[in-house]
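Chemist: No sequence on hand, only this structure:
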């Protein structure tokens, strides 16, 4: 039986999908023929959109965002990010996170958590404590200077703040 396609003229370095398009057959048939001829897998085996990947690699991405590159290439920004990070190409990072619910930059961390919460309008003091821990700020502690075992006077003891 004569072969319908001339597999001797095929560039076996390209993907099965590309070869199948050129020959007008299925990708599965190209895979079977590659196995029969002992050609091994292509260099770009399991790589999606090799043409797009090569364009991204050749492109100057240093002054562009992932969204710009993806829009120009017609693919997702997640695929662009995979290619750019794999080839260690620079790109502009767009940080879309919110600044936060409270203005932590104006907080006076020399005060207690309760006072900071009151100044910022935070209803839960634990939120301030958690944020203080994330920032690595030591908590404002209160040291009792004159402790007494027997309390004859019900006034508060003398305290001093430690910084």
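Modeler: Arrived safely, thanks for sending. None of these values were measured; they are calculated from a predicted model.
Chemist: Give the next helix or strand downstream of the host helix or strand of residue 82.
Modeler: Using DSSP states H and E, residue 82 falls within helix 77-86. Sequence-wise, the next helix or strand downstream of helix 77-86 (DSSP H and E) is helix 113-120.
Chemist: List the buried residues of stretch 127-134.
Modeler: Using 16 or more other C-beta atoms under 10 Å as the test for burial, stretch 127-134 gives 127-128, 131-132. Where you see a C-beta, it was placed from the backbone N, CA and C, and this is true even at glycine.
Chemist: And this structure, what are its domain boundaries?
Modeler: 1-45, 50-86, 104-147+157-162 (automatic domain parsing).
Chemist: And the shortest one, end to end?
Modeler: When the termini of domain 50-86 are compared using C-alpha to C-alpha, to the nearest Å, they are 14 Å apart.
Chemist: distance of residue 133 from residue 139?
Modeler: Distance of residue 133 to residue 139, given as C-beta to C-beta, to the nearest Å: 8 Å.
Chemist: And residue 122, by the same measure?
Modeler: For residue 122, the distance to residue 139 - C-beta to C-beta - is 15 Å.
Chemist: And these two? Which one has more around it.
Modeler: When neighbours are counted by other C-beta atoms under 10 Å, residue 122 comes out ahead of the other of residue 122 and residue 139, with 19 against 12.
Chemist: which residues does the more buried one contact?
Modeler: Counting by C-beta atoms under 8 Å, 6 or more residues apart in numbering, residue 122 makes contact with 102, 116, 128.
Chemist: where in this structure is pLDDT low?
Modeler: 1-3, 43-48, 95-99, 140-163 (pLDDT under 70).
Chemist: Centroid-nearest residue for it?
Modeler: residue 81 (9.3 Å; C-alpha atoms, centre = their mean).
Chemist: residues in contact with it?
Modeler: Counted by C-beta under 8 Å, 6+ apart, residue 81 has contacts residue 66.
Chemist: Just the strands from the chain, written as ranges.
Modeler: 141-144, 159-162 (DSSP state E).
Chemist: quick revisit: and which of the buried residues of stretch 127-134 is nearest to residue 10?
Modeler: residue 131 (62.0 Å; C-beta to C-beta).
Chemist: now the closest one: how far from residue 9?
Modeler: Counting by C-beta to C-beta, the gap from residue 131 to residue 9 is 67 Å.
Chemist: just residue 66 next, same as before
Modeler: Residue 66 is 39 Å from residue 9, by C-beta to C-beta.
Chemist: Among the two, which residue is more densely surrounded?
Modeler: Shown here are residue 66 and residue 9; by other C-beta under 10 Å, residue 66 has more neighbours (19 against 8).
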